[in-house]
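A.B. asks: Attaching a predicted model along with its sequence, questions to come.
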Amino acid sequence: MPRGNRNGRSERRREYSGRQSDDESINDNASVISNISEGKSAEDGEETDFLAQEQLEEKLLELIDGLTQKSSQGRTNCFQSLTKAFIKKSMPAFIRERYFTICDGIERSLKKGGGPEKTAAAELATIMTVQLGGEDASEEIYKLLKSVLLTTICDNSAAPAVRAMCCTALGQITFLAMADVMDALVIMHQLELIYSASYLKGDGSMPNVTAETGTLHAAAISAWSLLFTLLSPGNIEKMINNSKTLPSLEKLSELLKSLHLDVRMAAGEALAIIFELGREESENFEEDFAVDVLATLKQLATDSHKYRAKKDRKLQKASFRDILKFIESDTVPELQVRFEREMVLIGSWAKRKQYESLCNILGPSINLHLAENEFLRDIFEIIDEPVSNDLVTHFNFQMNRRTKRMVNTANSKARTLSRAKNRDKRAIF
């Protein structure tokens, strides 16, 4: 009786195995069907992307409409959400059609909004100009917002954090809109009026500057340095020695003694940019001053005062070692930026300043914008090149690995079925 049961089970197994072998015989037809379904899935994927884009634009339109709502917190949230969306995705066409409406909301908020709202509005103005690059629309944004941003940075009643963000925004949109040099010099003069409060007093003592105000002064110096990169070698030495146009190197060097790390580092970077462009104009640019400032730079590059935070000392040393090396021997630290299958080499203080200012706005999304924004690619001289043979070889290698995995999976499945059949045969005996 037990033997009969085993035979019955074996018959059923053989019948099931027979059905499986019949199924395997039509695998070719199944592969044809799968190819058709893959084609449909590709079309469905494109349709899904299109629908997702439409949904995103509808959401963004709702946020733009929200810039006129009565709630200040609601407007702030709309500014922040728009900024996040424009940072994560390149959408110049969408912004180009609506920049006037968005600028109108930014202008109203900068005039009448609270501190957080003004900060969020200024940040959105910056990312809009980054998206539009060197288009005429970015120049229009500059013209629309220049006046209100200048008014805000000069408003002593506004919070230092708000004024700092407006300094950054004004510097960025002026730089990206490729404003006229005279306009840039006017804005640089206004920025100097702000950070000049960190100059030494008449008796040589340090001014009493709070941490919040120090952050404002650092932002003003940073924006000033960015605009300085727009100047062409030719009259830099004359402008530096003319206090009505640009601050003297002696005044800028006073900022190296500031109690605030951000101010010291921004001032050191400004001096490096000035010397870089000045030496393009003349090899002997301000040699006497360079000798005088070396002692201060060496002290900052080897600072070991315990009253400063360990992290601050480390950051300051790393920064001023590079600046000191450049002033002494014209050596600029090279920076390699890799994104997707491309790489850009940044080998000057001016380009480094421009890149770092964009990183402060875009964060990790800088790689996306470098890949898709033609204006940014022009700034950093990124040339489109065909895919190299090494990349083709790498791609083929990846495909071979995928094919091998598919073959191994199929073989493993076949071995499993074969072993199952053999186990069934052994069960008969």
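C.D. replies: Sure, I can see it. This structure is a prediction, so every number in the text was calculated from the model and none was measured. Numbering: from 1, shown residues only.
A.B. asks: Low-confidence stretches in the stretch 1-150 of the chain?
C.D. replies: The stretch 1-150 of the chain contains residues with pLDDT under 70 at 1-47.
A.B. asks: I should have written the stretch 151-300 of the chain there, sorry.
C.D. replies: 243.
A.B. asks: Which residue ranges of it form helices?
C.D. replies: All helices of the stretch 151-300 of the chain, identified by DSSP state H, counting those that start in this stretch, fall at 160-176, 181-195, 211-228, 236-240, 249-254, 261-281, 287-301.
A.B. asks: any idea which of those is most buried?
C.D. replies: helix 160-176 (a mean of 25; mean count of other Cβ atoms under 10 Å). Any C-beta I mention is one placed from the backbone N, CA and C, and that applies to glycine too.
A.B. asks: Let me know the helix or strand that residue 145 is in.
C.D. replies: Element membership for residue 145, per DSSP states H and E: helix 136-153.
A.B. asks: Return the set of buried residues in that helix.
C.D. replies: Across helix 136-153, burial judged by 16 or more other Cβ atoms under 10 Å covers 137-139, 141-142, 144-146, 148-150, 152-153.
A.B. asks: quick one on the thing from earlier: I'd like the helices of the stretch 151-300 of the chain laid out as a markdown table, including distance to residue 379.
C.D. replies: Below are these laid out as a markdown table (distance: least, Cβ to Cβ, whole Å):
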| stretch | distance to residue 379 |
| --- | --- |
| helix 160-176 | 9 |
| helix 181-195 | 16 |
| helix 211-228 | 12 |
| helix 236-240 | 20 |
| helix 249-254 | 25 |
| helix 261-281 | 15 |
| helix 287-301 | 29 |
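A.B. asks: For residue 333, which of those is the nearest?
C.D. replies: Closest to residue 333 of the helices of the stretch 151-300 of the chain, according to Cβ to Cβ: helix 261-281, at 10.4 Å.
A.B. asks: Which elements pack onto the closest one?
C.D. replies: helix 211-228, helix 236-240, helix 249-254, helix 287-301, helix 310-329, helix 349-362 (3 or more Cβ pairs under 8 Å, 6 or more residues apart in numbering; DSSP states H and E).
A.B. asks: Can you get me the centre-to-centre distance for the first one and its chain?
C.D. replies: Going back to what we said before, that points to helix 211-228. Centre-to-centre, helix 211-228 and its host chain are 19 Å apart (Cα atoms, centre = their mean, to the nearest Å).
A.B. asks: do the fifth one as well
C.D. replies: Shown here is helix 310-329, whose average C-alpha point lies 24 Å from the average C-alpha point of the whole chain (Cα atoms, centre = their mean).
A.B. asks: Could I get the buried residue list for the following helix or strand past it?
C.D. replies: Following helix 310-329 in sequence order, the next helix or strand is strand 335-339 (DSSP H and E). Along strand 335-339, these residues count as buried under the neighbour rule (16+ other Cβ under 10 Å): residue 337.
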